[in-house]
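1. I would like to see how this sequence folds:
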Amino acid sequence: MRKVPLQMSNSAPIILIIDDDKTSRLALRRLLEREGYSVEVAACGQEGLRLCHSLQPDVVLTDVVMPDMDGYELCRRVRKDSELSDIPVIMLTSLEDHDSRVIGIEAGADDFLSKPFEPSLLKARVRTVTRLNRYRRIQTQRSRLVWVVENANEGYVLCDEAGRVAFSNMKSRQLLNLPAQTDDFNLYPHLRREFTLLPSEAWEKWPHLDEHEDLQLLRPETESLPACWLEVKAITHQLGGANETLLRVADITTEMNTQQSVWTFESLISHKLRTPLTKISWGVTFLSKKAHKLSPEQIAEFATQAQGGVQELQTELEEVLAYINAPTAVPDGQGLALENIEHVVKEASQQLQLTKVKLEPWAILPPSVFLSKPAFDLICFELLQNCKKFHPTGDPEVTITISFENGFVHITFTDNGTGLSPHQLLQATKPYYQTEKGFTGQVPGMGLGLSMVTTMIRKVGGQVRLRNRADRAGLVVELKVPVVVGK
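-> Coordinates of the predicted model:
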């Protein structure tokens, strides 16, 4: 690919003269410099090639007969070099025979001038070739620019003074839901139909938008489609006395959703902690003020209520901290030995007071998987806790199976709980998602467990799959974990 010339498009064209005869070099140089060209000279073919690379000239004038490397060989090397191949080459020759010109054409020469040359003819030839070459360069650079814009991650739309589309790239048509052919398309009514324009007063200035205004387009959420947020930057310039407006459109949906998740998480934290704190505060305060008037049974009742708040607060805090301080999933040794899974499951079941957890015997398996032991401890605890939390009576039956296929160990947790709706199955592994709300607005679990499990499994190159049971109510969580590959 040809390098972009260093000189600006309105600077003097560069002419490179290659001739071993000093007198000829000087004569050509004076003639062309008087015409306003920037002229450089080389005394041999090797020096000429070096200057071609560094100067990227608009035209090369080269003698044919030179020692070491003649003009034909020079031209061949220029045409073979991807950085130089489109530079025009004019050969200066005192050879008048037909065969010499054929050799020059086959080598890639663009034109010939006979020595001694007619100055007016030389100037006319150089003028024509430089003009054509500059036009070709402009077209090439424009093609590159169009390619860059068409393949950009942002959308670009150019509108005329009436607000009609003069140009739009593919990304803008996707983001703004524009038709395939947008020439002369009236953009503003379309945006009003498709989006909420924010801030509305700024968009009322269309198409003369403020370059410093933070503009946004919001496509509201529907039952089938999530909300879409677009950021718009505008710049207005004049072309031929008329104003044009260029819009840059960027999809900021992910950023907005992240911000919303943070807000939701903060609100959830506040709500989740307020309930147990209220229980603790109310019970302790009442006891401190009324204990002398209460019977031992009443004191025990209020103390039990306060203790329940403490236990609830501890549970919620541990769940949040477990997500924030999750251990690294990547093992620093040989990974998780599969023979240890039985112990991990038994320990987690005892901690959660689950009595119906069954680990099915497995066939021949690899010795270990690429997952740290602390990570699997937490994963097992989280999954079993979810089984208990979302079971109608809190006493689930859980079956754990292990199998091996195509370099991955599949660890599957199957319960007999309530299962999830199709929407919940898609959302359940996202951070802070809540699957169920009770009458008081309290959420049994903060939705952090499955998100944390998914994050850790993905870190080691695995996958997490959720599905409802086909035979009865219940949920299936499948962990697909890569095995440890021997060094």
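
2. check the offset of stretch 118-130 from the chain's centre.
-> Distance of stretch 118-130 from the chain centroid (CA atoms, centre = their mean, to the nearest Å) equals 52 Å.

3. mind saving the C-alpha coords of that stretch as PDB?
-> Provided in PDB are the C-alpha atoms of stretch 118-130 (Å, rounded to 0.1, in the frame of the first residue of the first chain):
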ATOM      1  CA  GLU A 118      11.800  20.700 -26.100                       C
ATOM      2  CA  PRO A 119      11.300  22.700 -22.800                       C
ATOM      3  CA  SER A 120       7.700  23.600 -23.600                       C
ATOM      4  CA  LEU A 121       6.800  20.000 -24.400                       C
ATOM      5  CA  LEU A 122       8.600  18.800 -21.200                       C
ATOM      6  CA  LYS A 123       6.600  21.300 -19.100                       C
ATOM      7  CA  ALA A 124       3.400  20.300 -20.700                       C
ATOM      8  CA  ARG A 125       4.000  16.600 -20.100                       C
ATOM      9  CA  VAL A 126       5.000  17.100 -16.500                       C
ATOM     10  CA  ARG A 127       2.000  19.400 -15.800                       C
ATOM     11  CA  THR A 128      -0.400  16.900 -17.200                       C
ATOM     12  CA  VAL A 129       1.100  13.900 -15.400                       C
ATOM     13  CA  THR A 130       1.200  15.700 -12.000                       C
END
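
4. contacts for that stretch?
-> 13, 15, 28, 31-32, 35, 37, 58-59, 61, 88, 90, 110-111, 113 (CB atoms under 8 Å, 6 or more residues apart in numbering). C-beta coordinates here come from the backbone N, C-alpha and C atoms, glycine included.

5. of those residues, which is the nearest to Ser421?
-> The closest of the contacts of stretch 118-130 to Ser421 turns out to be Asp58 (CB to CB; 68.3 Å).

6. ok, the residue lying closest to that closest one once chain neighbours are set aside - how many residues close by?
-> Once flanking residues are discounted, Asp58 sits nearest to Pro13: 4.0 Å by CB to CB, 6 or more residues apart in numbering. The local packing of Pro13 (other CB atoms under 10 Å) involves 22 other residues.

7. for Pro13, what are phi and psi?
-> Pro13 has phi and psi values of phi -60, psi 150 when expressed as degrees, to the nearest 10.

8. that one contacts Glu40, correct?
-> No. At 11.6 Å, Pro13 does not count as touching Glu40 under the criterion of CB atoms under 8 Å.

9. domains for the chain, by residue range?
-> For the chain, automatic domain parsing gives the domain ranges 14-149, 155-251, 260-324, 336-482.

10. looking at the ones you listed, which has the lowest confidence?
-> When those are compared by mean pLDDT, domain 260-324 comes last with a mean of 73.

11. from Glu83, how far out is the nearest residue to Asn177 once chain neighbours are set aside?
-> Nearest residue to Asn177, sequence neighbours excluded (CB to CB, 6+ apart): Glu194, at 5.7 Å. Glu194 sits at a distance of 46 Å from Glu83 (criterion: CB to CB, to the nearest Å).

12. same thing with Val60?
-> For Val60, the distance to Glu83 - CB to CB - is 14 Å.

13. higher neighbour count, the two?
-> Between Val60 and Glu83, counted using other CB under 10 Å, the more crowded position is Val60 (29 against 13).

14. tell me which other helices or strands the longest strand seen in the chain touches.
-> If you go by DSSP state E, the chain has its longest strand at strand 228-239. Strand 228-239 is packed against strand 215-219, strand 242-251, helix 253-290, with contacts defined by 3 or more CB pairs under 8 Å, 6 or more residues apart in numbering; DSSP states H and E.
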